[in-house]
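# here is the input, now give the coordinates:
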Amino acid sequence: MSQLLSQVGGVSRDAGNYGDKLATFSSELDQVRQAPEVQELIGQVLLETRAMQERARRLEVELGQSSQHIEELRADLAKAQRDANTDSLTGIANRKYFDYEFGAAAEEARLKKQPLSLLFADIDHFKRFNDAHGHQVGDQVLRLVAQVLTSSVKGRDLAARYGGEEFAVLLPQTDLEGARHLAEQIRSTVASSRIRLKSNGRHLGAITLSVGCAQYDPREALSDLIRRADEALYEAKRRGRNRVIATPPGVAAESAA
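Got it, this is the predicted structure:
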């Protein structure tokens with residue numbers, strides 16, 4: 001559309017220049033007293049040229065309006081795309097977008113022989129907290145955890161709400177030790193936070209996370225990586241919650257330190 005607008009603008013300018021030249025030519029003909037028929041013919045051509053110039057100008061205006069409309073549609077489409085990829089409650093990526101990015105990141109890690117790690121984090125005793133204080137407070141807890149995850153990741157890292165009170169963090173170009181270190185930072189930050197009711201300021205205590213970490217092995221299926229990170233998460237819960245368990249490839253969660 002931008003190219004078309006530029007071309008139409010060029011046509012309009014050319015038509016204007018052509019009309020100016022005809023007007024000059026008509027004036028010169030008048031000075032040399034050419035036959036009236038020729039002058040009349042040139043006058044008609046000049047009128048048609050001016051009419052063509054006006055039509056080109058109107059077309060340029062209409063195309064400009066269409067271009068603006070297209071830009072508005074493009075912005076609406078981009079917003080719809082963001083909305084489709086975002087969890088409406090927490091504002092971070094949703095499961096669908098995570099799955100898409102997960103596959104792309106694994107393929108890149110395999111081709112470039114770079115590390116890729118995955119974190120699964122689950123809010124400890126969330127149902128009990130939700131039942132005791134209500135769903136609105138539970139939603140506040142979910143948003144808090146999402147904010148901690150968002151502030152903790154950087155670059156191409158991706159934090160997503162995986163489902164319910166479970167979150168996933170995709171860490172391209174990060175090995176297991178780096179993933180474990182980040183997971184510990186996230187766990188510590190959440191544990192130091194305090195939930196406070198907005199209505200009366202009453203503190204409801206702390207919340208904690210259990211986190212499982214696993215590093216991608218290009219020889220395994222992505223479902224195996226998810227399974228290992230999930231097993232590490234539940235091992236963290238089995239060992240008392242509020243902790244991080246990292247499992248290297250080929251090592252069971254129960255035997256990982």
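
# rest of the way, CA atoms for contacts and neighbours
OK.

# quick one: secondary structure of Ala179?
Assigned by DSSP: H, G, I helix; E, B strand; the rest coil, the conformation of Ala179 is helix.

# just the one 3 residues further on next, same as before
When the structure is reduced to helix, strand and coil (three-state DSSP), Leu182 reads as helix.

# nearest residue to it in space, ignoring adjacent ones along the chain?
Spatial nearest neighbour of Leu182, chain neighbours left out: Ser152 (7.6 Å); criterion: C-alpha to C-alpha, 6 or more residues apart in numbering.

# what's around that neighbour, how many residues?
Ser152 sits with 15 neighbouring residues when counted by other C-alpha atoms under 10 Å.

# now for this protein, the helix or strand with the poorest mean pLDDT.
Comparing every helix and strand of the chain by mean pLDDT, DSSP states H and E singles out helix 2-31 as the least confident one, with a mean of 65.

# where exactly do the helices run in the protein?
Remark: helices of the chain, listed N- to C-terminal, are 2-31, 36-85, 95-112, 126-133, 135-152, 176-191, 222-238; assignment by DSSP state H.

# which residues does Gly163 contact?
Arg95 (C-alpha atoms under 8 Å, 6 or more residues apart in numbering).

# can you rerun that using 7 Å?
Shown in contact with Gly163 (C-alpha atoms under 7 Å, 6 or more residues apart in numbering): no residues.

# gap between Val190 and Asn85?
Look at Val190 and Asn85: by C-alpha to C-alpha, to the nearest Å, they are 25 Å apart.

# these two: who's more crowded?
Using other C-alpha under 10 Å as the criterion, Val190 and Asn85 rank with Val190 on top: 22 against 19.

# the more buried one contacts Thr208, doesn't it?
Yes. Distance between Val190 and Thr208: 6.1 Å, which falls inside the contact criterion (C-alpha atoms under 7 Å).

# tell me the confidence at Leu176?
Note on Leu176: pLDDT of 96.
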